[in-house]
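**Student:** Show me the folded form of this:
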Amino acid sequence: MDDYPLLNVFWTMLWFFLWIMWLFLLFKVITDIFRDHSLNGWAKAGWLIFCIVLPYLGVLVYVIARGKSMGARDVKQARESEAAFQDYIRKTAGTPEGGGGGATAELARLADLKEKGAITPEEFEKAKAKVLA
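**Tutor:** Residues are numbered from 1 along each chain as shown. Predicted coordinates:
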């Protein structure tokens, strides 16, 4: 242990964690290249080759050039996942087919109307109280 001072251990750990963080960023960039529908095949191949041949420079240039749209695609994917999850919950929580929907379906319909702005929050609360009564 005397051969490797404590400060060197901390420096080694710091560089190791920075390397791991860079690997995560590299994989994030590569997945974003394939997820982006605005890039054609040649552009995707070019970015991919750039990130593989010159990884540090390629990732840095990609984040600078396309970082904003990269974040927008992340937000879009998160919203689509949330919408699909909410749709799954609505379908699962509903009554069996042919049952007419019941209170759960009515509340979901009211919530959709409120989200779309078709009814005000006060109207939503009144209708919800009527359904639950």
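**Student:** Where does the prediction get shaky in the chain?
**Tutor:** Filtered on pLDDT under 70, the chain yields the residue ranges 1-2, 94-101.
**Student:** Which residue would you name as the spatial centre of this protein?
**Tutor:** Nearest to the geometric centre of the chain sits Ala78, at 3.1 Å (C-alpha atoms, centre = their mean).
**Student:** what's the offset of whichever strand or helix holds that residue from the middle of its chain?
**Tutor:** Take DSSP states H and E as the rule and Ala78 turns out to sit in helix 55-93. Distance of helix 55-93 from the chain centroid (C-alpha atoms, centre = their mean, to the nearest Å) equals 4 Å.
**Student:** Name all residues that make contact with Phe124.
**Tutor:** By C-beta atoms under 8 Å, 6 or more residues apart in numbering, the contact list for Phe124 reads 110-111, 113-114. The way it works is simple: take the backbone N, C-alpha and C, and place the C-beta from them, glycine included.
**Student:** Only whichever of those residues are buried, select them in ChimeraX.
**Tutor:** Selecting only the buried entries of the contacts of Phe124 in ChimeraX, with 16 or more other C-beta atoms under 10 Å as the criterion:
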select :110,114
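**Student:** would you list the contacts of Phe124 in a markdown table and tack on distance to Arg35 and secondary structure?
**Tutor:** As requested, these are exported to a markdown table (distance: C-beta to C-beta, whole Å; DSSP: H, G, I helix; E, B strand; the rest coil):
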| residue | distance to Arg35 | secondary structure |
| --- | --- | --- |
| Leu110 | 35 | helix |
| Ala111 | 30 | helix |
| Leu113 | 33 | helix |
| Lys114 | 32 | helix |
